[in-house]
Every structure is written in C-alpha cells, then in structure tokens.
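Asker: Sequence first, predicted model second:
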Amino acid sequence: MGSKDAFFCTFCSLLLFCFSSKCLSSELDLPQTALVEVDASWEVSRKIPDTLFGLFFEEINHAGAGGIWAELVSNRGFESGGPHTPSNIDPWSIIGDESSIYITTDRSSCFSKNTVALRMEILCENCPAGGVGIYNPGFWGMNIEEGKTYNLVMYIRSLESVELTASLTCSDGMQNLASVSIQEIDPSNWTKIEMQLLAQGTCRTSRLELTSMKRGVIWFDQVSLMPSDTYKGHGFRKELIYMLLELRPQFLRFPGGCFVEGDWLRNAFRWRETIGPWEQRPGHFGDVWNYWTDDGLGYYEFLQLAEDLGAAPIWVFNVGISHHDEVDTIIIEPFVKDVLDSLEFARGSAESTWGSVRAAMGHPERFPLKYVAIGNEDCGKEFYRGNYLKFYDAIRKAYPDIQMISNCDGSSRPLDHPADLYDFHVYTSAANLFIMKNKFDRTSRIGPKVFVSEYAVNEQRDAGKGSLLASLAEAAFLTGFEKNSDVVQMASYAPLFVNDNDSTWNPDAIVFNSWQQYGTPSYWVQTYFRESSGSVIHPITISSRYSDSLAASAITWQDSEDIFLRVKIVNFGPNAVNLTISSRGLQDGVNTAKSTVTVLTSGNFLDENSFSEPNKVVPVESELPNAAEVMEAVLPPFSFTSFDLALDQYSKLVAEM
C-alpha cells in the first residue's frame, strides 16, 4: 500500500469515527462540487462481456439446507450422527415419556448408502390422548401456511399392522394444522408411504409429528416433507429464487467455497453421492461450517438451478487437497477421472454412461457447462500446481472449449501455469475496498482474464450485518470492474445467503428465516449492475477536489423498449455534492419523460436492513425532469446514485456493437 493509499485509509477511518460520534467540523459539512464528463461517442466505447455479473452459492449459513432447498425435515434419514448406532438423531425428539415410548437407531435401513434407521417402540397399552411418537421441528421451525399442501414421503417397517398419524402442529404441539392417518397396512417389509397434508392454519414455527396409540415397534427412514409449490417443481424455495432472479445473474458458481474441499478430504463434496434418487444419497458433514447436509441439493440440482436462473454454471471441484490431510499420500488420478465423469454427467449425451444418469433424473438435454474452477483457495498449498496441471491437461483434451479457472492470483504477476481465467478473492474494510476500485487498471491485458468470484466488505465495524457503508465501497469496487471489463470477465459477491439462525459468516447479500427474507444494502447494490453484462462502457472523468471520495462509471444499455445512458456515482464521503454531468458524443437527444434517477442512502452510513425494517436501506427511484446532455444534480452524503437518461435513438448502434 502506497503513501497516498495509506493517507486515504487513515482519512476514511477518521471520517467514520467523527461521523458516528457527531463531531464533524462545519468545514466538512460544506457542500462540495464535482464535474463528471462522459464521452458517449461510439469510437471510444467498448462492449462489456455478457458474463460480467453473476452469483456464487456456497453451503454456508444453512444457505441450502433449511434455505433455498425447500426440504422442511432436518436430518430426514437419521444419518447426521454418522454410521455408528445408536447415533445422534437431533433435532428429532420424542412425544411422550420414557414409560410410554423408547427410541433408538439401528442399521436396518433398506438403503445401502445410508443404513441408519430409527426404531420406535410404543410401550403404553393405554396411551395418552393424541398418542406418543416423534417430532421434527425442521430448521428452527417449519413455516406452514393455511391453504397450502405439503408432500410427505417416508419409509416404514413393522412386524405387525400399523396405526400411525402424521400431523403438522405448531411448535408447542397444541395447534393442529393438518393431520392424516395411516391404518390397517402391513409393512412387514420396508414400505414407501406418500401423502399430502393440507394446512388448515398458519404457524411459522411448526413441526412434523408421527404418533401412534398402538403398542408395537415401527422403524422409520428417509422422512421428507416438501411444500408442493416449489419453484418450477424443482425443489427450490420460491421467494428466495425470486430474489435471485431480480439480479439477472449471468453465471452461477457452485458448490463453494471452502465447502468444496472440507477440512478433511473425507468430508469433501462428492458429486457422485449427490445425484440419483434422494433416498439413496448418504449426505455428509460439512466440517468447515460444521453442519450436516443430506445433499438433497446436489450437483444435478445446482445445474438445474443455473438453468432456471438463465445463468452459466461454473463447477468448482476438489483437486485432492484439503486443509489437514497428508496430501502427499493422495493418488490424484482417481480425482481426475471423477471430474471427467462429472463433466460427462453435465454435458454427455443421454446415451453416455453418466449422461444417461442425468437423463434418468429427468433432464435428457445437456447442461451448458463451460467453466470449471480447479480447486478453491488452494494456490498456496504445496501440491496444488502439480495437481492442477493434471486436471488441466485431461480436461483440455476431453473438452477443448471448457474455460478453466486457476486459484492463483495473476493480477500482479503472470501465472506460471496455463489458465483461461484466474480467481481473485477479497474480503476487507470499506476504506480498502473503495480504494481498490482501481485495482485492475494496471493489470496485464495479456494472458488469463480475471474472475473476482468472492468479494465483500467484512470488517465488523464497517459491515455489521450488512451496512450501507459496506455496500457503497462494494459499489465503487464494481464500477472498476465495468471500466476494466476488458480484463475482468466475471464477478460475484459472497456469501449469497444467511439463515438468521446460523450466522456463521456476516455480512451476506440475502437474510432469511423460515418465512421471511430481505436484501442487505449489498444485495441492492447488485441490482444497479444487473444491466451491465453485455452493455457498452464509456470513458468517464471526475473533476473535483473531493474526487478521492467519488467513484463513477457510465454505460449504455437497453431494455425491451428503450435505450439508456446510465451514469452511476458513489459518494463515499460525508458531504453533499453539487454535481454537473456533461455527456458528449450522444447520437440523439435525451427523452426527459422516460429518464429516472435511483438513490441508495440512509440517515446513517451504518444503517442496516432487518426483519422489522426490511426496506430501511433500499434504492428509491424517481423521475428526472431535468435530464439532459448537461444537467445538474445533488449527491447525498454516503450515497449511490444512478442516473438513467433515456435516449431518443441509439438501438441501431447498440445492435452493431
């Protein structure tokens, strides 16, 4: 970090301290002036890659299990305690007392890959009203809504006929929302039971109960409860998908992040174990983020999610390296074959070995997988480069069109190995990230391109659980991607989701619980950039003695009807700015009636959204009656503003780019 950068960091820190303690001097409160000049002439413009902005999903913060994946039962196969029995069956619990019911686990399941089953013995002859049994509260309570149906699937076995009731009740068990009886069946062998429960009421913290009043023994396994109205019937929680669709992502990177490798290889993500019938998936313990996943959200589902979002899938795979293993003993060839098989699963014909498995799951068409990341944050590990080259050579030979992404940072010096892109991650303070808006100005244009697959402000005093200040620094950083999009090809924020009950990592873009969700300011910043992919970038200059606190970019984009010149400006300081925007080189005039301005700001730069105030910090759009080639405006302190100037013509020129 140079002396100018160090000074600016110190200056920003002082401003933050003073602003939060209300000790800014009157001089700092004085309005500033700035001139922003945009050269919109076509000769100096450049098309932004279609892939610039997308999403990164990692199983962290219960983002998938209990989140975007709509399964309501936690530990549905009783496997989270491991293969040993008796095992931990949390969060399952009993209804009744030890004199009336006894539960344990054994290895009697009919599924070879997940052998643990739950054995429930009813001891009472005259059981209490309502019976005794087991219940599952899901992931911190199931959201059951009146009028909706829920699909229950489970496998049961008994040595005699069964009388069983499946119910959805509120968390205290007192309010019954739905109930169905299973009577006079003889499941002497494992039997699959399927039924629908129609909710007669709403409770945000519900549970599934399985009860009986008949003395005897019943075994249970693979108990699943899913809402019947998942997104496109693909198993995804609708309201969370809608928030992703609002971002119009161009790619989806999955399944991690550190989740890919695990701290130990035995806990790494194994794609083969996450495909096929959900009952046959063994699940695994994510030892980096410390919770069990049943892998209902597996490799196939990620590819399906990318397709549903209209995004290019980016597959991140393990390279035979994890944090704590003695990796020099690892034979890498099976890992290479495993990855080639995973690519065949996505891209092979329906007649190929692994393509036929995909087709049997309901998707005979190939998935358009064209990007793979060879490992995650592995560059500094001793065996990465040697392993990388083996994967690279094998994939290049089998799939010459696939773009391969190295974990090593090539922004400051050339890579010593071949790659199409290199992965760049940054988590830092707001001041540092704001400075990094110019990070890629001097990056070599020769060689691999840049994929900024993980970025965010995460310093606690700046970010909190998702502050306005953090989002402004990120917005400035993103304007740098637009201006350097000849070398920066892709970028995605991280992490994407957090279940409010498992905030392992803060901040995140989208916060949710069983029935609510909201976007942090960082989420809303990304909506400003959803039109940037595939648009046209223009040169822009800022003239102001206050310019060290400003960041800006200018693009031309079009929707289904109109063409817009969008000028985005971040004011990262405590002063209002009297702004002049001068746009030269426009082919046609500005349509004032269709022009708008959108502002993201708040009364305090550390303001956050919450379940009680989900819209405290959100973009506010209004008309722009003074829209013109030269126009005046005021930037609020600590704000992000987008001026969208509707242009009378231009579509022909855009089509020619």
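Answerer: Perfect, I can see it now. Numbering: from 1, shown residues only.
Asker: Show me what stretch 259-275 is in contact with.
Answerer: Under the contact criterion Cβ atoms under 8 Å, 6 or more residues apart in numbering, stretch 259-275 has outside partners 58-60, 113, 255-256, 281-282, 284-289, 295, 297-301, 316-318, 320-325, 330, 338, 341-342, 345, 357-358, 361, 375-376, 378. Every C-beta, even on glycine, is put in place using the N, C-alpha and C of the backbone.
Asker: Kindly recompute the last result at 6 Å.
Answerer: Applying Cβ atoms under 6 Å, 6 or more residues apart in numbering, the contact partners of stretch 259-275 are 58-59, 255, 281-282, 285-288, 295, 298-300, 316, 318, 322-325, 342, 376.
Asker: Of these, which belong to strands?
Answerer: Counting by DSSP state E, the part of the contacts of stretch 259-275 found in strands is Phe285, Gly286, Val316.
Asker: Return the closest of the residues you listed with respect to Ser45.
Answerer: For those, the residue nearest Ser45 by Cβ to Cβ is Val316; the value is 33.7 Å.
Asker: who's in contact with the closest one?
Answerer: When contacts are counted by Cβ under 6 Å, 6+ apart, Val316 is found next to Val260, Ala373, Asn376.
Asker: where's the first one relative to Tyr371, distance?
Answerer: In other words, Val260. Using Cβ to Cβ, to the nearest Å, one gets 15 Å for the distance from Val260 to Tyr371.
Asker: where does the closest residue to Ala34 other than its chain neighbours sit relative to Leu198, distance-wise?
Answerer: For Ala34, the nearest residue in space outside its immediate sequence neighbours is Ser544; the separation is 3.5 Å by Cβ to Cβ, 6 or more residues apart in numbering. Distance, Ser544 to Leu198, using Cβ to Cβ: 63 Å.
Asker: just Ile321 next, same as before
Answerer: Taking Cβ to Cβ as the measure, Ile321 and Leu198 are separated by 50 Å.
Asker: before we move on, what about Lys465?
Answerer: Relative to Leu198, Lys465 is positioned 37 Å away (criterion: Cβ to Cβ).
Asker: now do Trp92
Answerer: Between Trp92 and Leu198 the distance, using Cβ to Cβ, works out to 24 Å.
Asker: ok, the two, which is more surrounded?
Answerer: Comparing Trp92 with Leu198 by other Cβ atoms under 10 Å, the one with more neighbours is Trp92, at 23 against 15.
Asker: does that one really touch Asn136, like I thought?
Answerer: Yes. A contact is recorded between Trp92 and Asn136 when judged using Cβ atoms under 6 Å, the distance being 5.3 Å.
Asker: Beta-bridge partners for Tyr371, please?
Answerer: Note on Tyr371: beta-bridge partners by DSSP bridges are Ile314, Gln403.
Asker: That one against Met404, yeah?
Answerer: No. The pair Tyr371 and Met404 fails to qualify as a contact (Cβ under 6 Å) at a distance of 7.9 Å.
Asker: How about the secondary structure of the closest residue to Gln304 other than its chain neighbours?
Answerer: The shortest distance from Gln304 to any non-neighbouring residue, by Cβ to Cβ, 6+ apart, is to His234 (5.4 Å). His234 carries the three-state label coil when classified by DSSP: H, G, I helix; E, B strand; the rest coil.
Asker: and what of the one 10 residues further on?
Answerer: When the structure is split into helix, strand and coil by three-state DSSP, Leu244 lands in helix.
Asker: got a pLDDT number for it?
Answerer: Per-residue confidence at Leu244 stands at 98 (pLDDT).
Asker: That one: what's it in contact with?
Answerer: Remark: with contacts taken as Cβ under 6 Å, 6+ apart, Leu244 is in contact with Leu309.
Asker: what's the distance between Ser93 and Ile134?
Answerer: If you measure Ser93 against Ile134 using Cβ to Cβ, the figure is 7 Å.
Asker: Which one's more surrounded, those two?
Answerer: For Ser93 versus Ile134, neighbours defined as other Cβ under 10 Å are more numerous around Ile134 (22 against 12).
Asker: for the record, mean pLDDT for the host helix or strand of the more buried one?
Answerer: Of the helices and strands defined by DSSP states H and E, Ile134 is found in strand 132-136. Averaged over strand 132-136, pLDDT sits at 97.
Asker: Residues contacting that strand, please?
Answerer: Outside strand 132-136, the residues within contact range by Cβ under 6 Å, 6+ apart are 73, 92-96, 100-101, 207-212.
Asker: Can you pull the phi and psi angles for the residue nearest to Gln304?
Answerer: Torsion angles at His234 (phi, psi; degrees, to the nearest 10) stand at phi -100, psi 0.
Asker: burial of it, as a residue count?
Answerer: The tally of other residues near His234 (other Cβ under 10 Å) stands at 14.
Asker: Can you list the low-confidence ranges for the protein?
Answerer: Applying pLDDT under 70 to the predicted model, the residue ranges of the chain that meet it are 1-30, 184, 326-329, 649-657.
Asker: what's near enough to touch the residue lying closest to Met404 once chain neighbours are set aside?
Answerer: Closest residue to Met404 in three dimensions, ignoring its sequence neighbours and counting by Cβ to Cβ, 6+ apart: Asp420, at 5.2 Å. Remark: with contacts taken as Cβ under 6 Å, 6+ apart, Asp420 is in contact with Gln403, Met404, Pro448.
Asker: for stretch 579-594, the distance to its chain's centre please.
Answerer: 37 Å (Cα atoms, centre = their mean, to the nearest Å).
Asker: Name the residues of it that come out as buried.
Answerer: Leu579, Ile581, Ser583, Leu586, Val590, Asn591, Lys594 (16 or more other Cβ atoms under 10 Å).
Asker: nearest to Pro636, of those?
Answerer: For the buried residues of stretch 579-594, the minimum distance to Pro636 (Cβ to Cβ) is 10.8 Å, reached by Leu579.
Asker: what about the residue lying closest to that closest one once chain neighbours are set aside, distance to Thr641?
Answerer: Using Cβ to Cβ, 6+ apart and skipping the chain neighbours, the partner closest in space to Leu579 is Ala633 (4.8 Å). Summarising the geometry, the distance separating Ala633 from Thr641, computed by Cβ to Cβ, is 7 Å.
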